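*Asks:* got a sequence here, can you build the structure:
(chains A, B, C and D)
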Protein chains: 4
Amino acid sequence: MVKKAGVLGATGSVGQRFILLLSEHPDFELSVLGASSRSCGKKYKDAVTWKQTSLLPDAAGEIVVHECEYEKFKDCDIVFSGLDADFAGPIEKQFVENGLVVVSNAKNYRRETDVPLIVPIVNVEHLAVIDEKIKLSEKNGIKKPGFIVCISNCSTAGLVAPLKPLIDSFGPLDLITTTTLQAISGAGFSPGVPGIDILDNIVPYISGEEEKIEWETKKILGNFQGQEFKPDFNIKVSAQCNRVAVSDGHTECISFKFANRPAPSLEQVKQCLKNYVCDAYKLGCHSAPKQTIHVLEQNDRPQPRLDRERDNGYGVSVGRIREDPILDFKMVVLSHNTVIGAAGAGILIGEILIKKNLI
Amino acid sequence: MVKKAGVLGATGSVGQRFILLLSEHPDFELSVLGASSRSCGKKYKDAVTWKQTSLLPDAAGEIVVHECEYEKFKDCDIVFSGLDADFAGPIEKQFVENGLVVVSNAKNYRRETDVPLIVPIVNVEHLAVIDEKIKLSEKNGIKKPGFIVCISNCSTAGLVAPLKPLIDSFGPLDLITTTTLQAISGAGFSPGVPGIDILDNIVPYISGEEEKIEWETKKILGNFQGQEFKPDFNIKVSAQCNRVAVSDGHTECISFKFANRPAPSLEQVKQCLKNYVCDAYKLGCHSAPKQTIHVLEQNDRPQPRLDRERDNGYGVSVGRIREDPILDFKMVVLSHNTVIGAAGAGILIGEILIKKNLI
Amino acid sequence: MVKKAGVLGATGSVGQRFILLLSEHPDFELSVLGASSRSCGKKYKDAVTWKQTSLLPDAAGEIVVHECEYEKFKDCDIVFSGLDADFAGPIEKQFVENGLVVVSNAKNYRRETDVPLIVPIVNVEHLAVIDEKIKLSEKNGIKKPGFIVCISNCSTAGLVAPLKPLIDSFGPLDLITTTTLQAISGAGFSPGVPGIDILDNIVPYISGEEEKIEWETKKILGNFQGQEFKPDFNIKVSAQCNRVAVSDGHTECISFKFANRPAPSLEQVKQCLKNYVCDAYKLGCHSAPKQTIHVLEQNDRPQPRLDRERDNGYGVSVGRIREDPILDFKMVVLSHNTVIGAAGAGILIGEILIKKNLI
Amino acid sequence: MVKKAGVLGATGSVGQRFILLLSEHPDFELSVLGASSRSCGKKYKDAVTWKQTSLLPDAAGEIVVHECEYEKFKDCDIVFSGLDADFAGPIEKQFVENGLVVVSNAKNYRRETDVPLIVPIVNVEHLAVIDEKIKLSEKNGIKKPGFIVCISNCSTAGLVAPLKPLIDSFGPLDLITTTTLQAISGAGFSPGVPGIDILDNIVPYISGEEEKIEWETKKILGNFQGQEFKPDFNIKVSAQCNRVAVSDGHTECISFKFANRPAPSLEQVKQCLKNYVCDAYKLGCHSAPKQTIHVLEQNDRPQPRLDRERDNGYGVSVGRIREDPILDFKMVVLSHNTVIGAAGAGILIGEILIKKNLI
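*Replies:* Below is the predicted model:
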């Protein structure tokens, strides 16, 4: 049965992507849009400055925009939030407390010990915490309790995607470094990255980004017990983040070291990545990538312009896998920041929640 | 006294820069130009596709281009070589064997145990090997023997510039990592980096570059004995190289670990870099940077478009110096690849050779 | 019935696009590939440096590449030529003389008086000349004579697309100006436009391009008599061409004046463009755009990154239609240079040839 | 004697350029800075986000910023205004009414019939109106009356620069078209042009720009009588404006037709441009270009990255001069938008005012 979906922050860059993906989705019906009071009462097509390469879907354009109040969304089976962190906190909280299911791109609740932080091609098993929460609630007589699932930071998603299958096969990592070359679409529209900052230039800093990568990686690659997540604080993660003149697609030059000796061979690492099939695909999710990790053998790949659209942006490309003189291996990872790193991940999480009967 | 200077590979991108820098130089007089047979016999202005932001100097334009034969250059006190590695080997060898002094940007002789590989703001002391060679030759009755000095790889220059003063103050490093974001001017003109490869894109590979950084760093930061260089093979260096949409200026995200414990404090590291005065400046060289290392405190700097021209491109900018969760420190380094990383370095080496009476 | 298709110049940029479009095409079966002797005998996947954003189709990759000799293509119902102008002349001639049908992207035969120069959303009626030729040949006992159809220059295609319906409705134009801002993909791969020429830069010149626009426009907007084309030399066309930092999509700022007074109103012009349905769509061609001309009302559109993919690149976007102080009207036109301006146009011409029973 | 200079809008992009140019200027002493109340009371270095490629001059950094009130500027011989049009109107008016001389980059007073609109390499003679005004005031007993001189729109400056000498030599023009490819620096910093709008893209619209070009050209190329300017409304001007991925330097593809027949020959046009020496240079102004118009003969020039810095950005480059099939001639013009098109023009106007004893 098709699920009713709402979108918070509908006019922003993440909101626009949610709307685009939901408009033609077999599992969801786009039904309620929320934005700031400036847009409230207008048809979506009149409220938004649409900046997508696909046209604004006609039906979505006709929806009248509401303020972000939970009463308006009470018929939604799921609410996708593209709210800015400045506003997301209290709004999302109120939605959950009123029994709504929120999949959020905001950073506000990512570090909560009982909130799953999900990269849907990586740690679907963390949703067991929601299962537990629902069972407990039902024991206490609450039917269909609200809950929130957080989408990870975009560059974190690209980093953990190839590391997770390696950990599953060869045991824990203890050292991870990443230097990112991040696309400007990740910064949104208003104002986003100024043109003068990115033309013939690099900005070697993205506010809060390195901290997000260094912390979120430990939670996503960590475990949980009952309803509580246990980030793996044994892993040391070091991130250096740069903004570059790329529209979509984050490139990361990473290196890593396994905790166990001997480390796997180069060939074992490649084979493991090639063989990896993510749970979302096994569950039969509509958007899940057929090939989760694309291992590229040409020495000058992956490249964002050529490789970011693999599996509609849900597949991650990895190239130049080679031994590292300092840690065990180094390689280049490319992930589509607005798909697997933001709105697209949210939609796939929604699909997983359906398959797991959590909504 | 003004020295007569020749340029090999005069029509290429490095050659054009040599000619520009020599044309207004107080110490040198541009006198002989060598290029391929296709250009031979033409006036330089008719042979070259000039692609510099400064106009071709009138006098240089009138010089008739020769083939790269040593007889034509025999009156030169110094010859700057911008030859491609495909041609540099035998030509430079013949020049040196015939008593000429060559400062070369080509990679061919960088690894020779008796050839100094010089970053002129870093390891001027390595030129002592030339001193030794001259003395030995004179002992054997050879007056003014030929010799070659190699300019380092461009991204290596940016990497070692801030590391050298740290080693001088706090002892050897044992681990160095660098992820580079390199400008396209480093790839020359014909064809250089295709536009379609760099627009909205990154190429995560530069042929041979990582090997150069990993090896040259050990030689430049190493020692010498008599006439033999002893690269410091105790340092482990790991490089990941990317080509990005920047015209000039290589950005490097580096991290490093000192061999000795305790490591210096963050404040000591910053102070050491700020205080560093390179030997070339102490010698009074015309092009030497007044401030060798610019330590920037704004968190989003250095940026290539804004910071690459410090001290006419001879100064290196360092920002975001901070502790690293894995090695001791990480930071961002920006160096001007065609100045301190190529032709400009060659000219400054020439100035140093004069000050040290080696030419 | 599916037609067998060959591709000449298979490893070049236009050839790669032909192969991509043919690989999943319902009307064509990709059967023979021709390239230079360097590639000959290799599997296509080993001969090509694939630079498309879509992966190389598996089946195409396995095809063994031949030299461009007509014997190898004799079973082809149609041959798409992406050959460089340097080679296209004699090869295409030989193919046609040996009874093959060639759709060529090269400029060599565009000006022949009996060769149709086709923009498939504009002047399908010009193919009547082929009809005539076939009838004549059959009268002379030649069954299935070979013939060539030329694809127009890319920026010419974008220019004539919106002008043709206006001429059909309001009579001939006598003055047309266009200033183009052309994408770099139009220049191919080897070497194409150097990165250093296009980063933070414009090149205000494209060899031969202005002449092509000024001449081809007159032929495409002109008439024919029997087998002879009569370009409309009453139209004066003035073109100024620039290469800019855009990957795909040519933008043109055009102005034009009708021969007849009074000229139509602004509203009539807009309505005419909105109502235009190209013949290829009426014929039911697979790739024909549903909406030939997209008239955009937002004042800052069309933009290449946002609008180039309309109708898979077969639709042309027009914006900022307004009165001109000098000629009658001015407006901005965006067309996808590798689709409606090159390989895509060739494929659509092939579809039209099928619908018209010309192959 | 050095003149005391103030700067209004000191923290904005135009203000920063004024400060940079004034800091090392032989004729001016930077003495008062005005900005919004947010910056008021702070040292300039603490108030500004400095985004120039040259370092913030030390002395300027120490100046304490005032609000834009005329009392604070009363000792200034000249005030350069980089205020936004939203604020410039009443502030500049008040300054002038209180006897100050204002050179303004804002558009607010450009169309006033008694305000000179000056491109300092083009129409210095228009300053005679100020002379007249001063004489009249003095007759009325007012010593040193305030007045305002407006800097033209940036793309207008590039357009009129080569047209003025042609008109002087060959009589009036009656038709002028320009299609501009404008740099992003013209849009300032906050927010300026968003990166996502300019990467792999063109924006074919700049608010108000076409109207400015079409109107200002007529005033600058027009005459004056007593204190009243008479724009030349006989000229028809048509402009189409685009924003492109260039940091500095506006490129314009222009065409034009002389009123008189026969029109001059191509050779006469070129020679006229080459011979032109602007009045500012004849007056001996410090910043005036030695060569006002650089006529380039290579067919692919001018290019912004290579040619924008001619004569420190005060020289205009013209290339591809050729006959036009519709008007008389067409050509490509490149002018540095932040130099001759904005702050730089203001400074040169200031120098001219000194030479003419108007301050």
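*Asks:* could you use CA atoms for every contact and neighbour count after this?
*Replies:* OK.
*Asks:* tell me who's in contact with the closest residue to chain C within the stretch 51-200 of chain A.
*Replies:* Closest approach between the stretch 51-200 of chain A and chain C, counting by Cα to the nearest Cα: residue A:53, at 4.3 Å. Going by Cα atoms under 8 Å, 6 or more residues apart in numbering or on different chains, residue A:53 touches C:305, C:306, C:307, C:309.
*Asks:* just the strands in the stretch 101-250 of chain A please.
*Replies:* Listed in chain order, the strands of the stretch 101-250 of chain A (DSSP state E, counting those that start in this stretch) span A:101-104, A:117-118, A:147-151, A:173-182, A:223-225, A:228-230, A:236-243, A:250-258.
*Asks:* can you check which of those strands gets nearest to chain B?
*Replies:* Closest among the strands of the stretch 101-250 of chain A, once you apply Cα to the nearest Cα, is strand A:236-243, at 5.7 Å.
*Asks:* close to chain D: what parts of the stretch 201-350 of chain A are there?
*Replies:* Residues of the stretch 201-350 of chain A lying near chain D by Cα under 8 Å from any Cα of the partner chain: A:245, A:246, A:247.
*Asks:* repeat that for the stretch 1-150 of chain A.
*Replies:* So the stretch 1-150 of chain A never meets chain D (Cα under 8 Å from any Cα).
*Asks:* show me which residues of the stretch 1-150 of chain A sit near chain C.
*Replies:* So the stretch 1-150 of chain A meets chain C at A:51, A:52, A:53, A:54 (Cα under 8 Å from any Cα).
*Asks:* what's the closest non-adjacent residue to the first one?
*Replies:* Nearest-residue entry for residue A:51: residue C:306, 7.2 Å, with adjacent residues in sequence omitted and distances by Cα to Cα, 6 or more residues apart in numbering or on different chains.
*Asks:* so residue A:330 sits in a strand?
*Replies:* Yes. Assigned with DSSP: H, G, I helix; E, B strand; the rest coil, residue A:330 falls within a strand.
*Asks:* identify the bridge partners of it.
*Replies:* Taking DSSP bridges, one finds residue A:255, residue A:322 as the beta-bridge partners of residue A:330.
*Asks:* please flag which of the contacts of residue A:53 sit within helices.
*Replies:* C:305, C:306, C:307 (DSSP state H).
*Asks:* how about the residues you listed in CSV, adding neighbour count, pLDDT and distance to residue B:229?
*Replies:* Listed next are the ones in helices among the contacts of residue A:53 as CSV, based on neighbours: other Cα atoms under 10 Å in any protein chain shown; pLDDT from 0 to 100; distance: Cα to Cα, whole Å:
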residue, neighbour count, pLDDT, distance to residue B:229
C:305, 23, 98, 54
C:306, 20, 98, 57
C:307, 25, 98, 59
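*Asks:* quick one: buried residues of stretch A:136-151?
*Replies:* Within stretch A:136-151, the residues scored as buried using 16 or more other Cα atoms under 10 Å in any protein chain shown are A:145, A:146, A:147, A:148, A:149, A:150, A:151.
*Asks:* which stretches in chain A count as helices?
*Replies:* Per DSSP H, chain A carries helices over the ranges A:13-23, A:44-47, A:58-62, A:85-97, A:128-139, A:154-170, A:195-198, A:209-220, A:266-275, A:279-282, A:304-307, A:343-355.
*Asks:* nearest to residue D:118, out of those helices?
*Replies:* Comparing the helices of chain A against residue D:118 with Cα to Cα, the closest turns out to be helix A:195-198 (27.6 Å).
*Asks:* who are the packing partners of that closest one?
*Replies:* Where contact means 3 or more Cα pairs under 8 Å, 6 or more residues apart in numbering or on different chains; DSSP states H and E, helix A:195-198 is packed against helix D:195-198.
*Asks:* what does the helix it packs on contact?
*Replies:* Residues outside helix D:195-198 that contact it (Cα under 8 Å, 6+ apart): A:184-185, A:189, A:192-199, A:247, D:203, D:243-245.
*Asks:* hmm, which two among those are most spread apart?
*Replies:* A:185 and D:243 (19.3 Å).
*Asks:* residue of the stretch 101-250 of chain A nearest chain D, please.
*Replies:* residue A:195 (3.5 Å).
*Asks:* the residue lying closest to residue A:195 once chain neighbours are set aside: neighbour count?
*Replies:* In this structure, residue A:195 finds its nearest non-sequential neighbour in residue D:195, 3.5 Å apart by Cα to Cα, 6+ apart. Applying other Cα atoms under 10 Å in any protein chain shown, we find 28 residues neighbouring residue D:195.
*Asks:* which one of the contacts of residue A:53 sits closest to chain D?
*Replies:* Nearest to chain D among the contacts of residue A:53 is residue C:305, at 5.3 Å by Cα to the nearest Cα.
*Asks:* from memory that closest one sits against residue D:203, does it?
*Replies:* No. Here residue C:305 lies out of contact with residue D:203, judged by Cα atoms under 8 Å, at a distance of 9.8 Å.
*Asks:* and the end-to-end length of stretch A:50-62?
*Replies:* End-to-end span of stretch A:50-62 (Cα to Cα, to the nearest Å): 14 Å.
*Asks:* may I see the buried residues of that stretch?
*Replies:* Applying a neighbour-count criterion of 16+ other Cα under 10 Å, one finds A:50, A:51, A:56, A:60, A:61 buried in stretch A:50-62.
*Asks:* next: stretch A:72-79.
*Replies:* In stretch A:72-79, residues buried by neighbour count (16+ other Cα under 10 Å) are A:73, A:74, A:75, A:76, A:77, A:78, A:79.
*Asks:* nearest residue to the fifth one in space, please, no chain neighbours.
*Replies:* If I follow you right, that is residue A:77. With Cα to Cα, 6+ apart as the criterion, residue A:77 has its nearest non-adjacent residue at 5.2 Å, and that residue is residue A:4.
*Asks:* same question for the second one.
*Replies:* Nearest-residue entry for residue A:74: residue A:100, 7.1 Å, with adjacent residues in sequence omitted and distances by Cα to Cα, 6+ apart.
*Asks:* what about the one you found, neighbour count?
*Replies:* Look at residue A:100: counted by other Cα under 10 Å, it has 25 neighbours.
*Asks:* I figured it hits residue A:149, correct?
*Replies:* No. The criterion here is Cα under 8 Å, and residue A:100 misses it with residue A:149 at 11.3 Å.
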